[in-house]
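Asker: Here is a sequence together with a model predicted from it:
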Amino acid sequence: MSINAAVIGGGAAGFFAAIEVKRNFPQAQVTIFEKNNQVLRKVSVSGGGRCNLTNACTDLDELAKAYPRGGKQLKHLFREFGPEQTMEWFKSKGVPLVVQPDNCVFPRSQDSASITGILIREASRCGVHVVTGTKITGIRPGPQGSLTLEQEQGTQYEFNKVIVTTGGSPRKEGLLWLKELGHQIMDPIPSLFTFNIPSDPVTQLQGIVEEHVSASIQGTRIKAHGTLLITHWGMSGPAILKLSSFGAREIQKKGYDFTININWTGNMDQETVTQILEQTAKANPEKRVSSAKPFNMTQRLWEYLLEKNRLFANTSDGSQTARKWKEIKSKGINRLAEAIINDQYQVKGKSRFRQEFVTCGGVSLKSINTSTMESKIVPNLYFAGEILDIDAITGGYNLQAAWTTAFIAAKLKNS
């Protein structure tokens, strides 16, 4: 039987799936339907416009841990097409890559156009037909496994293979057409966002970057480690973005109104921090607590924590100066230690991270045969990319999930 395949969605997963279908089945007719007038829009802005196309992590166990949802299933698929294969694919198409110290992979040009350009050119070279400005609103299974696509204006198209790669939907209503077919849908909610901490004095430290910080959501076991950035609206950086990703559903249940605990040392406990503070006080009795800083944190943050915990004193001219270490009694030491390892902030709301939009939710993996990416409900219907309930932290992991699931789906292998 000749293959007449449709790919619904002209993003990363859609283009990659279409190209791979043509590679697997050179005689196949392949059409991409994109609702917008421009394809690959999200790829264009990913990585700040540089396109962090994957992560060079080679340990599959560690790689899978970057996915709060879908990591277990992806781990098996990565053996077939993971970061190494992705990098080789793009290099083989003439796109030189660079790997940063944090394992993030970018085109050497540092321009997402290198990635979008090669996908568009390769699709054209393979004979993939791209139709833009066409929104598919429904799929109707037909005889002998055929699938009829219904366009918003009423036009219908018939195919014998369909791959859905429409990306994450911000609202559940955007997934009803797939739910109507019988697929289980996990409510889509935001992931990868920064925390708003309005009117808190900490925002006066905007621009400060602290490495090796631990952040957790109070009342849960959800914790993340990494770099934290203080902004004029609250907090951002890898540690916060990881926390928002792993805690997406819990945070949403709390109405984006919750408390975060920050351990500015990363992993030290209160006993260790207290001992360090006591040793510092003993070794520097005549020095100001502001000048004898025992921890590797920025001076502005250290002074903020001192002031927050009333370790400044008024001088005769009405100004304030930090106390001397010999003036800090055990109660002050304990209070400072608590602030260093359990600094609390009230989060009220979220902000999108840059121009990127990642959702948690989508078509449940329970409705998919994850060995083939074919629907368990509708034969000859496949899924790839963020339409699935798969998402990850920042670092190239989300695009890697798109390449991997698209590669598997493009085999058009029946369950």
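Answerer: Okay, I see it. Small disclaimer: the values here were computed from a predicted structure and weren't measured.
Asker: and stretch 185-205, how far apart are its ends?
Answerer: 42 Å (C-alpha to C-alpha, to the nearest Å).
Asker: And what about the closest residue to residue 299 other than its chain neighbours, helix, strand or coil?
Answerer: With sequence-adjacent residues excluded and distances taken as C-beta to C-beta, 6 or more residues apart in numbering, residue 299 is closest to residue 293, at 6.8 Å. C-beta: built from backbone N, CA, C; applies to glycine. At residue 293, secondary structure determined by DSSP: H, G, I helix; E, B strand; the rest coil is coil.
Asker: Pull up the gap between residue 293 and residue 140, please.
Answerer: 68 Å (C-beta to C-beta, to the nearest Å).
Asker: and if you look at residue 386?
Answerer: 24 Å.
Asker: just residue 72 next, same as before
Answerer: Going from residue 72 to residue 140 by C-beta to C-beta gives 33 Å.
Asker: do residue 40 as well
Answerer: Distance, residue 40 to residue 140, by C-beta to C-beta: 28 Å.
Asker: swap in residue 331?
Answerer: 72 Å.
Asker: So which of those two has more stuff around it?
Answerer: Comparing residue 331 with residue 140 by neighbour count (other C-beta atoms under 10 Å), the higher total belongs to residue 140, at 14 against 8.
Asker: Just to check, that one is in contact with residue 146?
Answerer: No - the criterion here is C-beta atoms under 8 Å, and residue 140 misses it with residue 146 at 9.2 Å.
Asker: How is residue 19 assigned, secondary-structure-wise?
Answerer: helix.
Asker: Tell me, how many residues neighbour it?
Answerer: 26.
Asker: centre of the chain versus stretch 88-103, how much separation?
Answerer: With C-alpha atoms, centre = their mean, to the nearest Å as the basis, stretch 88-103 stands 20 Å off its chain's centre.
Asker: Helices of this protein, residue ranges please.
Answerer: 12-24, 41-45, 60-64, 71-78, 83-92, 113-126, 176-179, 238-246, 248-253, 270-283, 299-308, 330-341, 397-409 (DSSP state H).
Asker: Residue 186: which of those is closest?
Answerer: Nearest to residue 186 among the helices of the chain is helix 248-253 (9.1 Å), distances taken as C-beta to C-beta.
Asker: Would you mind listing the buried residues in the closest one?
Answerer: 248-249, 251-252 (16 or more other C-beta atoms under 10 Å).
Asker: With stretch 345-353 instead?
Answerer: 345, 347-348, 350, 353.
Asker: Would you check that residue 138 makes contact with residue 154?
Answerer: No - counting by C-beta under 8 Å, residue 138 stays clear of residue 154, with 10.6 Å between them.
Asker: between these two, who's got more neighbours?
Answerer: A count of neighbours by other C-beta under 10 Å puts residue 138 above the other of residue 138 and residue 154, at 15 against 7.
Asker: how close does the closest residue to the more buried one other than its chain neighbours sit to residue 80?
Answerer: Setting aside the residues directly before and after it, residue 138 is nearest to residue 150 in space (C-beta to C-beta, 6+ apart), at 3.9 Å. Distance from residue 150 to residue 80, counting by C-beta to C-beta: 33 Å.
Asker: can you check residue 390 too?
Answerer: Distance of residue 390 to residue 80, computed by C-beta to C-beta: 16 Å.
Asker: cool, and residue 262?
Answerer: Distance, residue 262 to residue 80, by C-beta to C-beta: 40 Å.
Asker: swap in residue 53?
Answerer: Residue 53 sits 18 Å away from residue 80, going by C-beta to C-beta.
Asker: neighbour-wise, which of these two wins?
Answerer: Higher neighbour count among residue 53 and residue 80: residue 53, with 28 against 12, using other C-beta under 10 Å.
Asker: so what's that one up against?
Answerer: 46-47, 86, 90, 97, 105-107, 115, 396, 399-400, 403 (C-beta atoms under 8 Å, 6 or more residues apart in numbering).
Asker: out of the residues you listed, which one sits closest to residue 4?
Answerer: Checking those against residue 4 with C-beta to C-beta, the nearest one is residue 403 at 24.1 Å.
Asker: That closest one reaches residue 84, doesn't it?
Answerer: No - look at residue 403 against residue 84 with C-beta under 8 Å: they stay out of range, at 11.5 Å.
Asker: So for the two, which sits in the more crowded spot?
Answerer: A direct count of neighbours by other C-beta under 10 Å for residue 403 and residue 84 places residue 403 higher, at 25 against 13.
Asker: Spit out the contact partners of that one.
Answerer: With contacts defined as C-beta under 8 Å, 6+ apart, the neighbours of residue 403 are 12-13, 16, 53-54, 81, 86, 89.
Asker: could you redo the last one with a cut-off of 7 Å?
Answerer: 16, 81, 86 (C-beta atoms under 7 Å, 6 or more residues apart in numbering).
Asker: With residue 358 instead?
Answerer: Counted by C-beta under 7 Å, 6+ apart, residue 358 has contacts 168, 191-192, 391, 398.
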